[in-house]
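**Student:** With the sequence up front, the predicted model follows.
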Amino acid sequence: MAKFVERPMEEVAFTTSIGQLAPKLEQVNSFYSVPTSPATASVLTVLGSGRDKLPSIKNRVRNVNHSQQIEVLQNGVKRKVTISSNNATVTLELADIEKLTGSNKTAKKLFIFNLIKMNEQAYSGKVLRRNYMQFPLQELQDIGFYNTPQSARKGFNSGMDILTSIKLKGSMKQGKKEISTALEVLFTGAHIKNGVCTVFINERVDWTFIASFYTILPQYSFKLSNRAFDLILYVFYLARQNLKQIQKKGYFNISLRALQNQLQLPSEVGNKDPQRTIKEPIERAIEEIMDYSDSTEFMIEPIVDNNAPITAYLNKGYIKITLVGSYGNNFIELSKTKTSQINTVQKRCKAIAENKSENE
């Protein structure tokens, strides 16, 4: 097994540009490259649910995605969550559910930030090159994640306390190939020394299970409130899955039912004030993103009937996501890369088959 040696801070190159594995995209200083997969989506779902909403996660997801199955088992403070779909099964084990109260919102952002940094510093060519990543504590302030050194230090420590306690295993189909990883923590430890954050990466994990594809994320995203961050992350996660529509039309849609689930909003059933608890949180999250974006190349437009009863409002309403210009071009570039990879694999398989036929 390869040996990894932690290097001093001054020897580590820090960047906020697009990661090594992702294709060369436009305006690299404006976007992060974020590794994503069903596994990362599962981690975010569980972290977002927290201790109080985890028991209802099964019913909430069922209202949006009928092909996804969720099982939650509990044993004292321990929880085991299995999320299954047509192409993937992911199991998360939480050693102490009490940790998912309050600070789990910090852990969600920190999880994404860790994936970005891992992609920049430690992971390329589907290989983990070293078992740690580093960044200045000050960077968490510079990107707008925290406002003070004290809150950055406290947030990093509490967030990593959660992230180092979550174990993950699962399997996923990619074409005819199946990728799997055994039950392991993703991050084995973390510390802050001389103003430098170090996060240790578990080299026993098959990281292709975690970083199976890439999306982009505007660099202002960490300045957003937790709910607005959840929304923009969900938008760009789904954008990666709607490449053809973006290429053809320049936009795709997301149902309000999906947003209700993703943003952890309450049910409308028996809800005495759906305007305050459902409609307004969605509107505020959209407005906040658009204020930070200040770009006509990326637009979130609610298509709703504000006079409709809340159930009809959620069932028929949607948001239109427009991605053109540099935003659209980045996703089109990702599409070309994906098509090129598929063609390469198909040609390789055809060559193998022809060679086998000749030998027979």
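**Tutor:** Received it, and whenever you're ready, just let me know what you need.

**Student:** What's the local residue count around D52?
**Tutor:** 11 (other C-beta atoms under 10 Å). For the C-beta atoms, the positions are set from N, CA and C on the backbone; glycine is no exception.

**Student:** what's the one helix or strand it maps to in contact with?
**Tutor:** Using DSSP states H and E, the element containing D52 is helix 38-53. Here helix 38-53 makes contact (C-beta atoms under 8 Å, 6 or more residues apart in numbering) with 54, 56-57, 60-61, 81, 83, 85, 87-88, 90, 92, 94, 97-98, 100-101, 104, 107-108, 111-112, 115, 162, 166, 168, 170, 172, 209-210, 212, 230, 233, 237, 262, 264.

**Student:** so where's this structure uncertain?
**Tutor:** 1-29, 62-63, 101-104, 331-332, 334-360 (pLDDT under 70).

**Student:** how does it divide into domains?
**Tutor:** With domains defined by automatic domain parsing, the chain comprises 15-223, 224-360.

**Student:** could you dump the helix or strand containing F111 to PDB, C-alpha only?
**Tutor:** Using DSSP H and E, F111 sits within helix 104-121. Extracted in PDB, the C-alpha atoms of helix 104-121 (Å, rounded to 0.1, in the frame of the first residue of the first chain):
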ATOM      1  CA  ASN A 104     -24.900  19.200  11.500                       C
ATOM      2  CA  LYS A 105     -25.700  22.200   9.300                       C
ATOM      3  CA  THR A 106     -22.000  23.200   9.600                       C
ATOM      4  CA  ALA A 107     -21.000  19.600   8.800                       C
ATOM      5  CA  LYS A 108     -23.000  19.700   5.500                       C
ATOM      6  CA  LYS A 109     -21.000  22.700   4.200                       C
ATOM      7  CA  LEU A 110     -17.800  21.300   5.600                       C
ATOM      8  CA  PHE A 111     -18.400  18.000   3.900                       C
ATOM      9  CA  ILE A 112     -18.700  19.700   0.500                       C
ATOM     10  CA  PHE A 113     -15.600  21.900   1.200                       C
ATOM     11  CA  ASN A 114     -13.600  18.800   2.100                       C
ATOM     12  CA  LEU A 115     -14.600  17.100  -1.200                       C
ATOM     13  CA  ILE A 116     -13.500  20.200  -3.100                       C
ATOM     14  CA  LYS A 117     -10.200  20.300  -1.300                       C
ATOM     15  CA  MET A 118      -9.600  16.600  -1.700                       C
ATOM     16  CA  ASN A 119     -10.200  16.900  -5.400                       C
ATOM     17  CA  GLU A 120      -7.700  19.800  -5.600                       C
ATOM     18  CA  GLN A 121      -5.000  18.300  -3.500                       C
END
